[in-house]
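Visitor: Coordinates for the following, if possible.
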Amino acid sequence: MEPSTHPEPDVRLARLADAVGLPPAWPATDAFLDDLAERTGLRVHDLRLVADLPLPATAWLFDEPAGASSSLVSLSLALPVSGRQLLRTRARSMTAPVGTLAPWKPRPYEEYAPGFGSLLLRMLALRNLNWSGTAKAMCLMSGVCKAASTIGAVGRGAGSSTRRCSTASRRRSASGSPCWPS
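Guide: Below is the predicted model:
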């Protein structure tokens, strides 16, 4: 029998825990997820997605028209590290006016079968990034420029989102990457 290409949630969390020297725990407790988040640098909400655990309803509240602003990303990349940290801190401290946030509702084409690509796109959705916003931010930040439909293909499992992709992204290669479908 072949190993699953998309391991079960307990296996995914155990692999993350093992990578940072934390004993695995299943079912995952809030304390375990907090510790794992601190050690991995991931957000607890992302780890809840990895574990297929429900997120608090407030995690999916967004100002949908805001979305990803490629001009804001571009301007923030010009800031020194301390300036970007200050911008993030300020943005996180801001509150939205009452009634302006709405729960995220995936469109029919944003519903994916289980897999690493769908997990990645759900994590991006938690950051109010749709296919287009993700493509713009990825191009600005890494130099890997792909069409929004390519991002959607990764969510549907048609593309491969592997370690090679993050390596290519870190190199800021404008020539593309073997991990994304053309």
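Visitor: ok, so what distance separates residue 109 from residue 87?
Guide: Separation of residue 109 from residue 87 (C-beta to C-beta, to the nearest Å): 32 Å. Using the backbone N, CA and C atoms, a C-beta is placed for each residue, glycine as well.
Visitor: The two: who's more crowded?
Guide: residue 87 (14 against 11; other C-beta atoms under 10 Å).
Visitor: can I assume residue 139 is in contact with residue 146?
Guide: Yes: look at residue 139 against residue 146 with C-beta atoms under 8 Å: they come within range, at 7.5 Å.
Visitor: And those two? Which one has more around it.
Guide: Neighbour count, other C-beta under 10 Å: between residue 139 and residue 146, residue 146 has more, with 20 against 15.
Visitor: Pretty sure the more buried one sits in a helix.
Guide: No: with DSSP: H, G, I helix; E, B strand; the rest coil as the criterion, residue 146 is located in coil rather than a helix.
Visitor: isn't it right up against residue 138?
Guide: Yes: look at residue 146 against residue 138 with C-beta under 8 Å: they come within range, at 7.0 Å.
Visitor: the helices in the protein, which residues?
Guide: Per DSSP state H, the chain carries helices over the ranges 9-19, 30-40, 44-50, 70-77, 81-93, 116-125, 131-142, 148-155, 163-170.
Visitor: Give me the helices and strands touching the first one, please.
Guide: In this structure, helix 9-19 makes packing contacts with helix 30-40, helix 44-50, judged by 3 or more C-beta pairs under 8 Å, 6 or more residues apart in numbering; DSSP states H and E.
Visitor: Let's see the shortest one as PDB, backbone CA atoms only.
Guide: What it means is helix 44-50. Taking C-alpha atoms only, helix 44-50 is exported to PDB below (Å, rounded to 0.1, in the frame of the first residue of the first chain):
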ATOM      1  CA  VAL A  44      -2.200  29.200  16.000                       C
ATOM      2  CA  HIS A  45      -4.900  29.600  13.400                       C
ATOM      3  CA  ASP A  46      -2.600  28.100  10.800                       C
ATOM      4  CA  LEU A  47      -1.900  25.200  13.000                       C
ATOM      5  CA  ARG A  48      -5.700  24.700  13.600                       C
ATOM      6  CA  LEU A  49      -6.000  24.400   9.800                       C
ATOM      7  CA  VAL A  50      -3.200  21.900   9.700                       C
END
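Visitor: so how far is it off the chain centroid?
Guide: Relative to the chain's own centre, helix 44-50 is displaced by 10 Å; criterion: C-alpha atoms, centre = their mean, to the nearest Å.
Visitor: what does the longest one give?
Guide: The gap between where helix 30-40 is centred and where its chain is centred comes out at 17 Å by C-alpha atoms, centre = their mean.
Visitor: Would you mind getting the angle between that helix and helix 9-19?
Guide: Calculated by axes from the mean of the first three to the mean of the last three C-alpha atoms, to 10 degrees, helix 30-40 forms an angle of 50 degrees with helix 9-19.
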